[in-house]
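> Any chance you can model this:
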Amino acid sequence: MAGIVKPPGEFSITPHKVSVCILLQIYAPSVQISLPFPFASVAQHNRLGLFLLALTKSCDDILEPKLDELISQLREVFGVLNPRFVDHLTTRLSALSSPDDLFNFFTQMRRILGGPESCVLEDEQVILDPASNLGMFLRRCILAFNLLAFEGVCHLLTNIGVYCKEALSSCASYETTCFEDSSSNLEAFPEYENMDLENFVFKKVTEEIEARKRASERVSFHLHAPKALFDLVEDIEAPADPKSKHSDKVGEASPYVHPPNYALKEFEPNSGIFLRTNWQIQGYLQEQADALEKNGSSFSLNAFELILRQLHKLAPELHRVHFLRYLNSLCHDDYFAALENLHRYFDYSAGTEGIDFVPPASGSNSFGRYEIALLFLGMMHFQFGHPKQALEVLTEAVRVSQQLSNDTCLAYTLAAICNLLSEIGVSNTAGILGSSFSPLTSIGISLSVQQQLFVLLRGSLKRAESLKLKRLVASNHLAMAKFDLTHVQRPLVSFGPKASMKLRTCPTNVCKELRLSSHLISEFGFKSSTMTTDGAFSTAWLKNLQKPLGSAILSQENGSGSNENAFQFCVQPSSIPGSVLQLIGSSYLLRATAWELYGSAPLARINALVYATCFTDASSSSDAALAYVKLIQHLAVFRGYKEAFAALKIAEEKFLSVSKSRILILKLQLLHERALHRGHLKLAQQVCDELGVLASSVTGVDMELKTEASLRHARTLLAANQYSEAAAVAHSLFCMCYKFNLQVENATVLLLLAEVHKRSGNAVLGLPYALASLSFCQSFNLDLLKASATLTLAELWLSLGSNHAKRALSLIQGALPMILGHGGLELCARAYIAEAKCYLSDPSFSVSENSEVVLDPLSQASVELQVLEYHELAAETFYLMAIVFHKLGQLEEREEAANSFKKHMMALENPLDDEDPLFNVL
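A predicted model of the protein is given here:
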């Protein structure tokens, strides 16, 4: 959770800020300089302004770039124009050799600020508005310099010298400039260094720190020992910086990778010691917390733990370090370490540091925020897959929040319980949920889990609205949309036989809740842009410098970092907080899921593309991977496995393949589908076993994965003609889904049972299952699954004999618009084959008179099935085509269809070649 940032500390002038001021002088020269810098176009001048805006936004960060890094950024942004910038920058820095030079420099900087006397401007003159971002930054720099004592000015000069010398080895232009400079400037630095003013200043600072400690005062800044931190991690093997080598696969593995050594890239043994304020350290910790929550698996557990331990040793009053250690352990599934660090965090801070909650109305609590500790503990149990413990702890958090009148914590706790009940399979909450959740329980009315969830959702939403917790309101609207998507709303209390019982979901309510959740972004869209001083937020400016704009999703080609148009858009920061962008992105993911269930493949793909294009930077790696999974699944269904596996390879490089990751599960799903289509049942069963191992053994946890594994296991048994075993697995799965109220999954299981009876020759027994599946599909508005169930029902009627051919054909023709408009290759091919079989089974149909009615759909089905490599259905298609050609007397076409039939049957029956890459993918 995002922490409360403390008020900003003293703004100090550093060599990097002096470099930015020099570049500001290039952008807005004073009147005395006639033509200071030859810009080729207005676009280049505007480009420099955007770059300076990015630099000023990031100047309050805990880490400042060195001179060689600033030169590297100039080279990447300006290209050919870069040598002039570097030459001017290094020349001006080398000219600052005395306190008088610094005084004259900042006196000149005052002249580029606008004021009452700047009403009359010369042609093409640029004057900074004092109230603008650049103007405010310059005024802060001038004020910080004016407040420096003589020792501070000398200290700044020494740091500028070290700052320049570190860039000598990597900046040839600066070295040339130094040799061409006057002899007085060359002699100034050695003479100045002999004064040993830096040691004098450090001695004074050390004495001041010791004096404050003796006086038991709180130190407002932290002295970080660069060599100690460097020695601490120099023996740790950490992933290299992605910018250093473009061919490094580790760096390209994920856009969320944040190597632990990044935080120490400026802490070198021979670098100058810089003081960091408490506020800057808090900004750094908040940035690391956000990175951990986005993709904690990219952090090295031990390396980052060592950094946090050393930071805690240097600044023991920063209790948020314990919270980051808790997040680090949580992301790496270390239960005992996470529990210990969470207890330690609340023991030391009492929940008063880093938690963005409104204080309770009853005033301060001498025992700390115990209810918030319970909330975090419950969420931790939920993360580790302990649903019963999580529900018990969260119930206790509700009780404590009510006793302490902490309405904000109560609202968040209710939202957490709703999330738990919706994500975890809970069949009974008797003895856990008390009467405080619903007034109906107090009058003896027993509610099901789904009814209790609905009551909790409505109560949590109303409470969040009354407290004006806008982000929680948006999150609750998303939860309501998800509930309405998969649950039939029944009245909590109904009296009499004529009570209204509308057993259908309402897509209108789903769209309404999704639209209401998106209204949150309007709260931030109309706010004016002000000077942002938040250390964590400002780093996003410079991180976007090299981000390509409009890079294709699932494409191996990366955009160029020197694209001017891309820079102009990507450099613009977002005034919308990351948590808000996550909520808005989640609404698009839920839209994609809703349209998948409702059967609109184009709309599902569009919403997934919107998320992958606009929200991946602000989202967690899990949500971003889900968007990619949806796009790859769409490719597999509509374009075949070749393109799907090519896209999957790119996704594997983009996201870390860890246990139970969405990308790994998708890979197993694609392998299983392809193995079944090609007849490789041994490999299909192996993939089913892999899926089953990924699911947790705890009851109610990983229900989606358990359902997926059981479905695929039953389909594998059905492909092996083990009908009784397949029916037993499907029946057991149906009982599990019914127990945990997985009604949408029940529709799929019932359809599978109908398919088992159809394949086993018991069409009469399969009809009730197909009709029951149709009933579920109508109740939940599953239009595409309804079309598939209608197709299976038609095939069952056709299996009963030719007398039912017309009824089956009528059912197929009624479902064809939905199937052809939104169905994949396999479903369309099945519809084509069933339609042709209906015509061929009809005694009144003449092949010689209407051969195109049969041959056209069969030809289309053969093309689609060969793309899928579905040998069994392809063989059946060519068999039917051979029969039609035989009746038409077209012997050559008959032989060609017969040869294709033989080829697919041999591919289906023959064992898999050892050289097939499918054997080596697991």
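
> Tell me where the model's unsure across the stretch 101-250 of the chain.
Residue ranges of the stretch 101-250 of the chain with pLDDT under 70: 115-126, 167-250.

> and the residue nearest to His319 when sequence neighbours are not counted, how far is that from Leu70?
With sequence-adjacent residues excluded and distances taken as C-beta to C-beta, 6 or more residues apart in numbering, His319 is closest to Ser349, at 3.8 Å. No exception for glycine: its C-beta is placed from N, CA and C like everyone else's. As judged by C-beta to C-beta, to the nearest Å, Ser349 and Leu70 stand 37 Å apart.

> Please apply the same query to Lys470.
39 Å.

> Pick out whichever of the two has more residues nearby.
More neighbours surround Leu70 than the other of Lys470 and Leu70, with 22 against 16 (other C-beta atoms under 10 Å).

> now the strands for the protein?
For the chain, applying DSSP state E gives strands covering 221-223, 275-277.

> Report the mean per-residue pLDDT for the last one.
Okay, so that is strand 275-277. Averaging pLDDT along strand 275-277 gives 61.

> looking only at pLDDT, what's the mean for stretch 344-362?
Here the average pLDDT along stretch 344-362 is 60.

> Hmm, Thr790 and Ala808 touching each other?
No - counting by C-beta atoms under 8 Å, Thr790 is not a contact partner of Ala808; they are 10.1 Å apart.

> Which one's more surrounded, these two?
Neighbour count, other C-beta under 10 Å: between Ala808 and Thr790, Ala808 has more, with 25 against 22.

> In contact with that one, which residues?
Neighbouring residues of Ala808 by C-beta atoms under 8 Å, 6 or more residues apart in numbering: 794-795, 797-798, 834, 838.

> Check it and give its pLDDT.
Reported pLDDT for Ala808: 93.

> Check the one 4 residues further on too.
With respect to pLDDT, Ile812 scores 94.

> what's around it, how many residues?
Ile812: 25 neighbours (other C-beta under 10 Å).

> Hmm, Ala831 and it touching each other?
Yes - if you go by C-beta under 8 Å, Ile812 and Ala831 touch, sitting 6.2 Å apart.

> shared neighbours, the two?
Leu791.

> before we move on, back to that, give me the buried entries from the contacts of Ala808.
For the contacts of Ala808, a neighbour count by 16 or more other C-beta atoms under 10 Å gives the buried set as 794-795, 797-798, 834, 838.

> quick one: which of those residues is nearest to Ile22?
Closest approach between the buried ones among the contacts of Ala808 and Ile22, by C-beta to C-beta: Ala834, at 75.7 Å.

> so the closest one touches Leu793, yeah?
No - the pair Ala834 and Leu793 fails to qualify as a contact (C-beta under 8 Å) at a distance of 10.5 Å.

> was I right about Thr505 contacting Val488?
Yes - the criterion here is C-beta under 8 Å, and Thr505 meets it with Val488 at 5.8 Å.

> hang on, the earlier thing: which of the buried ones among the contacts of Ala808 fall within helices?
794-795, 797-798, 834, 838 (DSSP state H).

> I'd like those as CSV, with distance to Arg369 appended.
CSV is the format used below for those (distance: C-beta to C-beta, whole Å):
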residue, distance to Arg369
Ala794, 62
Glu795, 62
Trp797, 65
Leu798, 67
Ala834, 63
Cys838, 69
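
> now the residues you listed in CSV, with pLDDT?
Formatted as CSV, those follow (pLDDT from 0 to 100):
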residue, pLDDT
Ala794, 95
Glu795, 94
Trp797, 94
Leu798, 93
Ala834, 94
Cys838, 93
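
> from those, which is closest to Ser522?
Once C-beta to C-beta is applied, the member of these that ends up nearest Ser522 is Ala794, at 48.5 Å.

> Alpha carbons of stretch 591-607, as PDB, please.
This file holds the C-alpha atoms of stretch 591-607, laid out as PDB (Å, rounded to 0.1, in the frame of the first residue of the first chain):
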ATOM      1  CA  ARG A 591     -14.600  -5.800 -20.000                       C
ATOM      2  CA  ALA A 592     -12.500  -8.200 -22.000                       C
ATOM      3  CA  THR A 593     -13.500 -11.100 -19.800                       C
ATOM      4  CA  ALA A 594     -17.200 -10.100 -19.900                       C
ATOM      5  CA  TRP A 595     -17.200 -10.000 -23.700                       C
ATOM      6  CA  GLU A 596     -15.500 -13.400 -23.800                       C
ATOM      7  CA  LEU A 597     -18.300 -14.900 -21.700                       C
ATOM      8  CA  TYR A 598     -21.000 -13.100 -23.700                       C
ATOM      9  CA  GLY A 599     -19.400 -14.300 -26.900                       C
ATOM     10  CA  SER A 600     -18.100 -11.200 -28.700                       C
ATOM     11  CA  ALA A 601     -14.600 -12.100 -29.700                       C
ATOM     12  CA  PRO A 602     -13.800  -8.700 -31.500                       C
ATOM     13  CA  LEU A 603     -14.800  -6.600 -28.400                       C
ATOM     14  CA  ALA A 604     -12.900  -8.900 -26.100                       C
ATOM     15  CA  ARG A 605      -9.800  -8.500 -28.300                       C
ATOM     16  CA  ILE A 606     -10.200  -4.700 -28.500                       C
ATOM     17  CA  ASN A 607     -10.300  -4.300 -24.700                       C
END
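
> Okay, buried residues for that stretch please.
Buried residues in stretch 591-607 (16+ other C-beta under 10 Å): 591-601, 603-605, 607.

> What of stretch 674-682?
Neighbour-count burial for stretch 674-682 [16+ other C-beta under 10 Å]: 674-681.

> and if you look at stretch 329-348?
Buried residues in stretch 329-348, defined by neighbour count with 16+ other C-beta under 10 Å: 329-334, 337-339, 341-342, 344-346, 348.

> what do you get for stretch 68-83?
Neighbour counts over stretch 68-83 (16+ other C-beta under 10 Å) mark 68-75, 77-78, 81-82 as buried.

> Inside helices: which ones of these?
Short answer: those in helices (DSSP H) are 68-75, 77-78, 82.

> Go through the ones in helices among the buried ones among the contacts of Ala808 and name the one nearest Lys57.
Using C-beta to C-beta, these come closest to Lys57 at Ala834, 62.0 Å.

> Now do the closest one against Leu138, distance only.
75 Å.

> follow-up on the earlier one: with pLDDT as extra columns, can I get the buried residues of stretch 68-83 in CSV?
Listed next are the buried residues of stretch 68-83 as CSV, based on pLDDT from 0 to 100:
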residue, pLDDT
Asp68, 84
Glu69, 84
Leu70, 85
Ile71, 84
Ser72, 83
Gln73, 82
Leu74, 81
Arg75, 80
Val77, 77
Phe78, 72
Leu81, 59
Asn82, 64
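
> quick one, what contacts Tyr839?
805, 809, 845, 850, 853-854.

> Rebuild those residues as TSV, extending it with neighbour count.
Formatted as TSV, the contacts of Tyr839 follow (neighbours: other C-beta atoms under 10 Å):
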residue	neighbour count
Ala805	22
Leu809	21
Phe845	16
Asn850	11
Val853	13
Val854	24
